[in-house]
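Novice: Turn this into a model:
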Amino acid sequence: MDYQYPISYDWTTDETVEVIQFYTSVEKAYEKGIDREVLMATYKQFKSIVPSIAEEKKLCNELEEISGYSAYRVMQKAKNGAPGDKIKM
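Specialist: Numbering: from 1, shown residues only. A predicted model of the protein is given here:
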């Protein structure tokens, strides 16, 4: 990983950690796969910190620009999956 995650300096340390956990879950979906429930839990935490759809899009687009990983595509696959699925891109 030779890039920095998009974050907001308005977030607390705990909030920043939660958002980074979501970003790493997206990476795991691409690199080796991740359990759907784990991914959904990290997304739920992310959404509690970033409730705005516009801000979510902005952050996820920034993540995709720097890493090549699409949080949108990962979450679409997870939302369409069934409990117990492994999400692998």
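Novice: what's downstream of the lengthiest helix in the chain, the next helix or strand?
Specialist: The single longest helix within the chain, with elements called by DSSP state H, is helix 13-31. Towards the C-terminus, the helix or strand next in line after helix 13-31, according to DSSP states H and E, is strand 34-35.
Novice: Can you give the strand pairings for that next one, parallel or anti for each?
Specialist: Using DSSP bridges, strand 34-35 pairs in its sheet with strand 86-87 (antiparallel).
Novice: Would you mind listing the buried residues in the longest helix of the chain?
Specialist: Going by neighbour count (16 or more other Cβ atoms under 10 Å), the buried part of helix 13-31 is Glu15, Thr16, Glu18, Val19, Phe22, Tyr23, Ser25, Val26, Glu27, Lys28, Ala29, Tyr30. C-beta: built from backbone N, CA, C; applies to glycine.
Novice: Could you tell me how far Val74 is located from Val17?
Specialist: Val74 is 20 Å from Val17, where distance means Cβ to Cβ, to the nearest Å.
Novice: before we move on, what about Gly68?
Specialist: Taking Cβ to Cβ, one finds Gly68 at 23 Å from Val17.
Novice: ok, now Leu59?
Specialist: 15 Å.
Novice: Tell me if I am right that Leu59 is in a strand.
Specialist: No - using DSSP: H, G, I helix; E, B strand; the rest coil, the assignment for Leu59 is helix, not a strand.
Novice: Need the max-distance pair from the buried residues of helix 13-31.
Specialist: Farthest pair in these (Cβ to Cβ) is Glu15 and Tyr30. Separation: 23.9 Å.
Novice: Just give the closest residue to Gln4, not the sequence neighbours.
Specialist: Ile66 (7.5 Å; Cβ to Cβ, 6 or more residues apart in numbering).
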